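> Return atomic coordinates for the entry below.
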Amino acid sequence: MSMLDKLKGLIKGHPDQARQGVEKAGDAFDAKTQNKYQSQVDAAQRKMNEQLGSDRPPTDEQR
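Numbers count the residues shown, from 1 in each chain. Sure thing, here's the model as predicted:
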């Protein structure tokens, strides 16, 4: 079983928690890099949310 398969298994049934994790990880990366790569991080977050089944943009409360 590959790492990706394991991650998919962990995420299955918990999309909201996974989405929150994606947002927190992106925000932490932005903080570490002083928003130098913010547009790339936002694009990656959008793609991850699409994979999770939600392509809705994050609200200001989630940022």
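
> Would you indicate which residues of stretch 17-28 are buried?
The neighbour-count check on stretch 17-28 (16 or more other CB atoms under 10 Å) flags 18, 19, 22, 23, 26 as buried. All C-beta spots, glycine's among them, are computed from the backbone N, C-alpha and C.

> contacting residues around the third one?
Just to be clear, that refers to residue 22. Going by CB atoms under 8 Å, 6 or more residues apart in numbering, residue 22 touches 45, 48, 49, 52.

> Give me the distance between the helix or strand containing the second one and the centre of its chain.
When you say that, I think you mean residue 48. Assigned by DSSP states H and E, residue 48 falls within helix 38-52. Remark: helix 38-52 is offset 6 Å from the chain centroid, using CA atoms, centre = their mean, to the nearest Å.

> Show me which positions of it end up buried.
Neighbour-count burial for helix 38-52, counted by 16+ other CB under 10 Å, picks out 41, 45, 46, 48, 49, 52.

> Extract the C-alpha set from that helix and format it as PDB.
C-alpha atoms of helix 38-52 as PDB (Å, rounded to 0.1, in the frame of the first residue of the first chain):
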ATOM      1  CA  GLN A  38       1.300  33.100  -1.000                       C
ATOM      2  CA  SER A  39      -0.200  32.800  -4.500                       C
ATOM      3  CA  GLN A  40       1.500  29.400  -5.000                       C
ATOM      4  CA  VAL A  41       0.300  28.200  -1.600                       C
ATOM      5  CA  ASP A  42      -3.300  29.400  -2.300                       C
ATOM      6  CA  ALA A  43      -3.200  27.500  -5.600                       C
ATOM      7  CA  ALA A  44      -2.000  24.300  -3.900                       C
ATOM      8  CA  GLN A  45      -4.700  24.700  -1.200                       C
ATOM      9  CA  ARG A  46      -7.400  25.100  -4.000                       C
ATOM     10  CA  LYS A  47      -6.100  21.900  -5.700                       C
ATOM     11  CA  MET A  48      -6.100  19.900  -2.500                       C
ATOM     12  CA  ASN A  49      -9.700  21.100  -1.700                       C
ATOM     13  CA  GLU A  50     -10.700  20.000  -5.200                       C
ATOM     14  CA  GLN A  51      -9.300  16.600  -4.500                       C
ATOM     15  CA  LEU A  52     -11.200  16.400  -1.200                       C
END
